[in-house]
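Student: pasting the sequence and the predicted model now:
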Amino acid sequence: QVQLVESGGGLVQAGGSLRLSCAASGRTFSSYAMGWFRQAPGKEREFVATINWSGDHTYYAEAVKGRFTISRDTAKNTVYLQMNSLKPEDTAVYYCAADRVGITTRSPYWGQGTQVTVSS
């Protein structure tokens, strides 16, 4: 059974940092693109960042560019999201996703989500 398990969320003050992790099990995702989406209360799920299978290409939403960094450790089957200079508007449930080509809201593999709350 394929599983993506996120961790690292929590409560942080504006300007602070958090690092999210997404550990994959059940199969090897070394050939998959992986990434992060987020969903705030009352809003649609939105793209945050993605990284390709080899880790040498990344892409970010404009809202997080320059503050967030996505990376992956293929040996550990884990993808990370380093979040710096956090803002209250970053508050959301963050979801990890995996897909063979590129992640979208229709990607087949999702984690259960981890809550990130940024206080002002």
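Tutor: Great, that's in hand.

Student: residue nearest the centroid of this structure?
Tutor: Closest residue to the average C-alpha location of the chain: residue 36 at 2.8 Å, with C-alpha atoms, centre = their mean.

Student: report the buried residues of the host helix or strand of that one.
Tutor: For residue 36, the host element (DSSP states H and E) is strand 33-39. With burial defined by 16 or more other C-beta atoms under 10 Å, the residues of strand 33-39 counted as buried are 33-38. Any C-beta I mention is one placed from the backbone N, CA and C, and that applies to glycine too.

Student: which neighbours in the sheet does that strand have, and how are they oriented?
Tutor: Applying DSSP bridges to the sheet, strand 33-39 is found paired with strand 46-51 (antiparallel), strand 92-99 (antiparallel).

Student: helix/strand/coil for the closest residue to residue 63 other than its chain neighbours?
Tutor: Computed as C-beta to C-beta, 6 or more residues apart in numbering, the closest residue to residue 63 that is not its neighbour in sequence is residue 89, at 7.7 Å. Secondary structure for residue 89, judged by DSSP: H, G, I helix; E, B strand; the rest coil, is helix.

Student: and the gap between residue 89 and residue 45?
Tutor: 15 Å (C-beta to C-beta, to the nearest Å).

Student: who's more crowded, these two?
Tutor: residue 45 (16 against 11; other C-beta atoms under 10 Å).

Student: okay, the strands paired with strand 33-39 in JSON lines with mean pLDDT and distance to residue 11 next?
Tutor: As requested, those are exported to JSON lines (pLDDT from 0 to 100; distance: least, C-beta to C-beta, whole Å):
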{"stretch": "strand 46-51", "mean pLDDT": "97", "distance to residue 11": "19"}
{"stretch": "strand 92-99", "mean pLDDT": "96", "distance to residue 11": "13"}
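
Student: for residue 18, find the nearest of these.
Tutor: When the strands paired with strand 33-39 are ranked by proximity to residue 18, the top entry is strand 92-99, at 9.3 Å, counting by C-beta to C-beta.

Student: show me what secondary structure element comes after the closest one.
Tutor: Per DSSP H and E, the helix or strand that comes after strand 92-99 is strand 109-110.
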